[in-house]
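Chemist: Have a look at this prediction, sequence included:
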Amino acid sequence: MRHFDLVIIGTGSGNSIPTDAMAGWQIAILEKGTFGGTCLNVGCIPTKMFVHTADQAAAPANAKKLGVDAHTDAVHWPEIRDRIFNRIDPIAEGGRNWRANENANVTVYEGTAHFIDAHTIDTGTGETITADRIVVAAGSRPTVPDIADLDTTGFHTSDTIMRLDELPESLIIVGSGFIASEFAHVFSSFGVEVTVIARSNLLLRHEDLEIATRFTEIAKQKWNVLLNRKTTRAEKTATGVKLHLEGPNGEETVEAQQLLIATGRQPNSDLLQTHNAGIDTHEDGRVKVDEFQKTTQPHIYALGDISSEHQLKHVANHEAKVVRHNLLNPDEQIKSDHRFVPAAVFSSPQIASVGLTEEQAKASGIRYVTASQAYASIAYGWAMEDTTGFAKLIADPATGQLLGAHIIGPQASTVIQPLIQAMSFGLDAKSMAQGQYWIHPAMPELVENALLNLPLD
Ligand SMILES: Cc1cc2nc3c(=O)[nH]c(=O)nc-3n(C[C@H](O)[C@H](O)[C@H](O)COP(=O)(O)OP(=O)(O)OC[C@H]3O[C@@H](n4cnc5c(N)ncnc54)[C@H](O)[C@@H]3O)c2cc1C
Ligand SMILES: NC(=O)c1ccc[n+]([C@@H]2O[C@H](COP(=O)([O-])OP(=O)(O)OC[C@H]3O[C@@H](n4cnc5c(N)ncnc54)[C@H](O)[C@@H]3O)[C@@H](O)[C@H]2O)c1
């Protein structure tokens with residue numbers, strides 16, 4: 001049985017751990033799917049390449065209010081799809097080739113691995129190996145809800161929808177979180193008739209209530225948004241799929257050519273049989289880790305979607321850096337920093353957030369103040385004729401420190417960055433607003449004005 005100094009399970013953020021400083025270590029990398037993991041192959045990167053294209057396709061419709069007549073003549077789905085994946089697929093293959101054939105100290109095993117015990121792993125390739133140290137970076141996979149007959153109708157998840165042969169005329173999306181909101185924007189901008197089915201009365205309900213409410217209002221004008229609906233049964237039709245729903249109008253059905261299930265992602269700890277290694281998991285299947293990313297077995301670390309409460313690439317990357325440091329410096333371990341984890345929804349409009357929502361601030365019983373600023377009341381907002389976007393800030397009235405920041409509107413994912421910086425480095429709202437120039441008349445004036453609007457002494 002071959003023995004390794006280090007085994008890494010999963011080639012998403014886990015693949016970034018081996019470094020020159022580990023050149024003397026024998027390392028095994030285990031992967032059951034495509035090298036590079038979710039973000040590169042079926043997640044952040046292709047989705048944002050589709051989102052940017054969708055933004056272009058939708059732009060002419062928005063130009064009308066500026067006095068410009070423009071029209072999107074055609075959306076060439078096969079060309080768009082192939083442009084995106086002809087860029088991504090070689091990167092995945094190049095990464096695999098580099099690790100498999102060009103790293104003298106790395107051995108790649110391509111199979112579905114599982115633990116035999118705390119030091120022994122069946123690689124799923126017919127070979128079982130042992131290791132001194134192990135990194136569990138096996139990510140998550142789409143959750144499929146229990147809808148009767150769904151298995152007979154066929155459906156897509158984010159793993160498959162981006163590789164459709166052709167653009168459908170209509171698409172039903174079950175779910176109302178990140179993936180639903182981003183793909184609804186992509187497909188509707190490409191001319192597809194989109195229906196979004198949500199269990200609750202709001203889309204993106206993890207966001208601050210005012211933000212989620214505004215997003216839901218806007219979404220209703222663009223998509224067929226069905227709120228407070230339970231999907232009870234799926235049925236195959238001659239042209240696609242029919243879903244049976246229960247909701248405020250009683251029983252009803254919706255039909256479309258294609259169906260996307262976007263109801264969350266579950267950690268892959270079950271595939272790994274982590275219990276065989278004595279690794280504890282949370283009730284939702286996430287591997288338990290401490291602040292050093294150590295599992296309940298001190299020689300096994302975990303990172304990213306399989307253990308984190310934030311299923312975000314920047315978090316997985318941060319944790320991978322922490323794990324790499326701790327593997328190389330066992331006597332000077334560092335902690336992960338999860339204080340201010342930002343996230344953005346790349347829909348239309350975009351949403352970006354960091355820190356507490358107002359509901360969370362209220363529930364925690366702390367004292368807080370809020371302030372908002374509309375894009376419509378800053379000069380660049382006039383230029384864009386934006387009427388729906390705004391920033392909302394939550395701050396501690398005693399110290400002026402920001403507790404949360406939420407933006408809905410153009411370029412929200414970029415405009416929020418100085419607020420993330422202020423929170424991370426402890427810069428108070430007043431100093432931030434008054435201690436620097438803000439380029440006039442640029443979009444960050446939204447942030448400057450929101451800061452100045454906070455009722456602080
Ligand atoms: C559609 C979509 C869009 C997204 N967009 C964004 C975004 O814009 N911004 C953002 O921050 N995040 C985004 N995310 C989330 C982000 O992709 C993930 O948080 C991140 O990729 C997780 O990285 P990871 O290394 O933990 O896992 P992964 O990248 O999933 O890597 C885990 C790897 O482990 C392998 N594996 C699993 N089980 C086994 C096993 N038993 N044996 C061997 N190998 C195994 C898998 O095949 C996979 O390659 C998106 C996700 C999706 C699905
Ligand atoms: N821009 C980004 O950073 C980005 C983009 C896409 C995905 N992601 C990550 O991937 C994760 C997964 O995305 P997602 O959109 O699948 O999850 P999500 O957690 O954002 O949303 C899941 C949605 O499905 C609904 N839902 C759950 N079970 C259901 C059921 N049985 N029937 C109907 N609806 C149900 C939930 O109410 C929720 O609206 C996200 O949590 C996020 O961390 C990030």
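Modeler: Structure received. Given the structure is predicted, the values throughout are model-derived calculations rather than measurements. Ligands and ions are numbered 1, 2, ... in the order given.
Chemist: and the stretch 201-350 of the chain, which residues reach ligand 1?
Modeler: Within the stretch 201-350 of the chain, the positions near ligand 1 by Cβ under 6 Å from any ligand atom are Asn268, Leu271, Leu272, Gly304, Asp305, Ile306, Gln311, Leu312, Lys313, His314, Ala316, Phe346. Heads up, the C-betas are built off the backbone N, CA and C, glycines and all.
Chemist: Look up how far Glu207 lies from the residue of the stretch 1-150 of the chain at minimum distance from ligand 2.
Modeler: Ranked by Cβ to the nearest ligand atom, the top residue of the stretch 1-150 of the chain for proximity to ligand 2 is Pro145, at 3.1 Å. Distance of Pro145 to Glu207, computed by Cβ to Cβ, to the nearest Å: 22 Å.
Chemist: Please apply the same query to Ser413.
Modeler: According to Cβ to Cβ, Ser413 and Glu207 sit 13 Å apart.
Chemist: coming back round to it: higher neighbour count, Pro145 and Glu207?
Modeler: Neighbour count, other Cβ atoms under 10 Å: between Pro145 and Glu207, Glu207 has more, with 25 against 13.
Chemist: May I have the secondary structure class of that one?
Modeler: coil (DSSP: H, G, I helix; E, B strand; the rest coil).
Chemist: dump the residue contacts of whichever residue of the stretch 201-350 of the chain sits closest to ligand 2.
Modeler: The minimum distance from the stretch 201-350 of the chain to ligand 2, using Cβ to the nearest ligand atom, falls at Gln311 (3.3 Å). Each residue near Gln311 by Cβ atoms under 8 Å, 6 or more residues apart in numbering is listed here: Ser140, Arg265, Asp305.
Chemist: Report the secondary structure state of the closest residue to ligand 1 within the stretch 151-300 of the chain.
Modeler: Nearest to ligand 1, among the residues of the stretch 151-300 of the chain, is Ser158, at 3.6 Å (Cβ to the nearest ligand atom). At Ser158 the chain is in coil, as set by three-state DSSP.
Chemist: Tell me the buried residues in the helix or strand bottoming out on mean pLDDT in the chain?
Modeler: For the chain, counting by mean pLDDT, DSSP states H and E, helix 150-153 ranks last in confidence among helices and strands (a mean of 93). Neighbour-count burial for helix 150-153, counted by 16 or more other Cβ atoms under 10 Å, picks out Leu150, Thr153.
Chemist: likewise stretch 289-308?
Modeler: Those would be 289, 293-297, 299-308, for stretch 289-308 by 16+ other Cβ under 10 Å.
Chemist: Stretch 358-365 now?
Modeler: Residues Glu358, Ala361 are the ones in stretch 358-365 that count as buried (16+ other Cβ under 10 Å).
Chemist: Show residues contacting that stretch.
Modeler: So stretch 358-365 is in contact with Asp208, Leu209, Glu210, Leu356, Tyr368, Thr370, Lys392, Ile394, Leu403, Gly404, going by Cβ under 8 Å, 6+ apart.
Chemist: swap in stretch 434-454?
Modeler: Contact with stretch 434-454 is made by 369-373, 375, 377-381, 383, 389, 391-393, 395, 400, 407, 409-411, 414-416, 418-419, 429-430, 432-433, as judged by Cβ under 8 Å, 6+ apart.
Chemist: Give the buried subset of those as a PyMOL selection command.
Modeler: Selection of buried members from these for PyMOL, criterion 16+ other Cβ under 10 Å:
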select buried, resi 369+370+371+373+375+378+380+381+389+391+392+393+395+400+407+409+410+411+415+416+418+419+429+432+433
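Chemist: mind listing which of the contacts of stretch 434-454 are in helices?
Modeler: Among the contacts of stretch 434-454, the residues falling in helices (DSSP state H) are Ala379, Tyr380, Gly381, Ala383, Thr414, Val415, Pro418, Leu419, Ala429, Lys430, Met432, Ala433.
Chemist: Nearest to ligand 1 among these?
Modeler: Taking Cβ to the nearest ligand atom as the measure, ligand 1 lies nearest Thr414 of the ones in helices among the contacts of stretch 434-454, at 13.3 Å.
Chemist: By proximity to ligand 2, which residue of the protein wins?
Modeler: Scanning the chain for proximity to ligand 2 using Cβ to the nearest ligand atom identifies Gly177 as nearest, at 1.9 Å.
Chemist: So that residue sits against Leu202, correct?
Modeler: No: judged on Cβ atoms under 8 Å, Gly177 makes no contact with Leu202 at a distance of 10.9 Å.
Chemist: between these two, who's got more neighbours?
Modeler: Taking other Cβ under 10 Å, Gly177 and Leu202 do not tie; Leu202 has more neighbours (21 against 18).
Chemist: Run a quick neighbour tally on the closest residue to that one other than its chain neighbours.
Modeler: Closest residue in space to Leu202, ignoring its immediate chain neighbours: Ala212 at 4.7 Å, by Cβ to Cβ, 6 or more residues apart in numbering. Neighbour count of Ala212, defined by other Cβ under 10 Å: 23.
Chemist: Pull out the buried residues from the host helix or strand of Ala212.
Modeler: Under the criterion of DSSP states H and E, Ala212 resides in helix 209-222. Under the neighbour-count criterion of 16+ other Cβ under 10 Å, helix 209-222 has Glu210, Ile211, Ala212, Thr213, Arg214, Phe215, Thr216, Ile218, Ala219, Lys222 buried.
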